[in-house]
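Student: predicted structure and sequence below. I'll ask about it afterward.
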Amino acid sequence: MLRTNVTGVWLAMKHEIAHMKENGGGTIVNISSNLGAHLRIPNAAAYITSKAAVSALTRAAALDHIHQGIRINAVSPGASAAPARRRRRGRWWSRRWGRCRWRR
């Protein structure tokens, strides 16, 4: 999980930043998650930790490279109400989110 979510993002940014330095800047958008900051899900510690690391890496790299004309941000999508997602979560998910109205 960490290798994909953190090391993968770091390696991609390393090469993107090098290219952007040579070409006058650019923008990088990483994908993080709002889990951990607002919601805890049982048995998802590795995922939550890896996405928190992506957020921290994004913030640090943004400060390091803004003077070179490189903007680095992250989007943090929330949970979705897809039927398959609700089935996988089971009873805990139903108790927590069964009362919510999902808007699309």
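Tutor: Alright, I've got the coordinates. Numbers count the residues shown, from 1 in each chain.
Student: which residue ranges form the helices in the chain?
Tutor: Along the chain, counting by DSSP state H, helices occupy 2, 8-22, 45-65, 83-97.
Student: so which of the ones you listed gets nearest Ile31?
Tutor: Ranking these by proximity to Ile31 (CB to CB) places helix 45-65 first, at 7.5 Å. From N, CA and C alone the C-beta is placed, and that goes for glycine too.
Student: from Glu22, how far off is the most centrally placed residue in the chain?
Tutor: Against the mean C-alpha coordinate of the chain, by CA atoms, centre = their mean, the closest residue is Ser32 at 0.6 Å. Ser32 sits 27 Å away from Glu22, going by CB to CB, to the nearest Å.
Student: touching, the residue nearest to the centre of the chain and Arg59? I think so.
Tutor: No - with contact defined as CB atoms under 8 Å, Ser32 does not reach Arg59; the gap is 10.0 Å.
Student: returning to that earlier point: need phi/psi at the residue nearest to the centre of the chain.
Tutor: phi -110, psi -150 (degrees, to the nearest 10).
Student: okay, it and Ala56: tell me how far apart.
Tutor: Ser32 is 9 Å from Ala56, where distance means CB to CB.
Student: try Ile70
Tutor: For Ile70, the distance to Ala56 equals 18 Å [CB to CB].
Student: the more surrounded of those two?
Tutor: Ile70 (21 against 13; other CB atoms under 10 Å).
Student: residue contacts, that one?
Tutor: For Ile70, the contact set (CB atoms under 8 Å, 6 or more residues apart in numbering) comprises 17, 20-21, 25-28.
Student: fine, thanks again, bye for now.
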